[in-house]
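Student: 3D, please:
(one chain, ligands or ions: 1)
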Amino acid sequence: MTRRITVLCGGVGAARFLRALLAVVDAGDICAVVNTGDDTVLHGLHIAPDLDTVTYTVGGAIDPERGWGLSNETWNAMDALGRYGSVRPSGSTAGGTWFGLGDRDLATHLYRTARLAEGATLTEVSGEIARAWGLGITLLPMSDDPAPTRVGVDPSIDPGPDGDGMIGFQEYFVRHRHGIETRSLDLGARRAQPTDAVITAITEAEVVLIAPSNPLVSIAPIRALPGVDAALAARRDTVAAISPLIGGAALKGPADRMMAEAGLRPDAIGVAEAYTSIARALVIDRVDAAAVDSIAAAGMEAVVTDTIMSTPEIAANLAAVTLRAARAAVG
Ligand code: FO1
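Tutor: The predicted structure is shown next:
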C-alpha cells in the first residue's frame, strides 16, 4: 500500500523534518526514503547512520545535542576497546574508537548485521527496526545494495586505502571532522539499484518532499540510483524541497562548503539550480526572501517561511507549508 507522502531523507535535518511532519499528518501516510551512502562497516558491523538518525529521532530517543546516537548513552564498549588500540598492528582498523558507538546504539548494529548475515535485505531489517521502535512511518533504505559515497581529498592529507585520496564518507565526516577540502565525490549509488519499493514510493505518492538535507551527499546518492532522477523529474510538479542552506550557510554539517567546492553556489539559489529538474517548489527561509526572483529564474517557485525548526510550532508550520507547496500543482 503506497503512502501518500514520500520524503527523501539524509541525516539530522531530514530526521527533524520528519518529526515535524508527524505533527501535521499521520505516520501511516509517510514513507521515508533514506540515503545509505554514509553506511560503513566498522568492527565487522553494518552501520547505517542516516537510517539510524531517522529511527532514533522519529522514535524520540535521539541525543538532542549530538543529533545522532541515543540519549542517555554509555560508552563502556568504546572505552574497553581502547585497551586493544595499543597492540593493534599497523594497517589494522580493529578496535578503532574514532567513530563513537554507544553501548545502546551497538544493539541496533548487532541486530542489523546479524539479520543481514542471515540473508535478510536491508529493507527487511529496516522495517523490523522501524517496527521495534514503533515509528509508524515506512522506513526504506534507498537501495539494498552497497552504495558507499567516497570523498576525494588531497592524498598527502589522507591517501585512502588505494593511495589515490579516495576515502570513505565517515572517514571524511568524522575522522577528518569534514575539515578538509573535498576534490571529488564518488557516489557508489551510481553502481547500485533502487529497490522496487523506492521506485513505487516515488512514482505513486501523492507528493514527494525533499527534506533539508545535504544536496550533494544526502540527496544526490538517492538521485544517482538508476531511474530515480527520471522518476522524480516525471512528477516534478508535485515535488517540493526545503533549502538546507539559510543565508548561504548550512545549519549543521559541511553542505555549504561542499557545494562551493563542487562549483555550485553555496546558497538557496544554488540549491534551486541543483533541484530545478526534479522539483517545482523550493521552501526557503525569510532571510533568503531576496532570492525569490533568482530562484524563479532557475525555474523553481520559491516559498518563503521560517525554516529553522527551533520550536515545535515553527517545525509544524514548515511541514504544513512544504506540503501545501507540493500539493499546489495538484489543485
Ligand atoms: N558523527 C560524529 O561527528 N562523530 C561520531 O563519532 C559519530 C558516530 C556515529 C555513530 C552512529 C551514527 O548513526 C552516527 C554517528 N555520527 C557521528 C554521525 C554520522 O557521521 C552522520 O550522522 C552522518 O553520516 C551524516 O549525516
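
Student: all contacts plus neighbour counts: C-alpha atoms, from now on.
Tutor: Fine.

Student: what about the closest residue to I157 other than its chain neighbours, neighbour count?
Tutor: Of all residues not flanking I157 in the chain, G165 sits nearest, at 8.0 Å (CA to CA, 6 or more residues apart in numbering). Using other CA atoms under 10 Å, G165 has 21 neighbouring residues.

Student: pretty sure V41 is in a strand, no?
Tutor: Yes. According to DSSP: H, G, I helix; E, B strand; the rest coil, V41 belongs to a strand.

Student: and it, how many neighbours does it have?
Tutor: Neighbours of V41 (other CA under 10 Å): 11.

Student: correct me, but it touches A94?
Tutor: No. Using CA atoms under 8 Å, V41 is not in contact with A94, being 11.2 Å away.

Student: what's the spacing between I242 and A268?
Tutor: As judged by CA to CA, to the nearest Å, I242 and A268 stand 9 Å apart.

Student: residues bridging contact with these two, i.e. touching both?
Tutor: Residues touching both I242 and A268 by CA atoms under 8 Å, 6 or more residues apart in numbering: I284.

Student: show me the contacts for P215.
Tutor: 255, 271, 274.

Student: was I right about G28 contacting T138?
Tutor: Yes. At 7.3 Å, G28 counts as touching T138 under the criterion of CA under 8 Å.

Student: Counting neighbours, go ahead and name the busier of those two.
Tutor: A count of neighbours by other CA under 10 Å puts T138 above the other of G28 and T138, at 20 against 15.

Student: Quick check: closest non-adjacent residue to the more buried one.
Tutor: Spatial nearest neighbour of T138, chain neighbours left out: C31 (4.5 Å); criterion: CA to CA, 6+ apart.

Student: Hmm, that neighbour is touching C9, no?
Tutor: No. Counting by CA under 8 Å, C9 is not a contact partner of C31; they are 10.0 Å apart.

Student: mind listing which of the contacts of P215 are in helices?
Tutor: 255, 271, 274 (DSSP state H).
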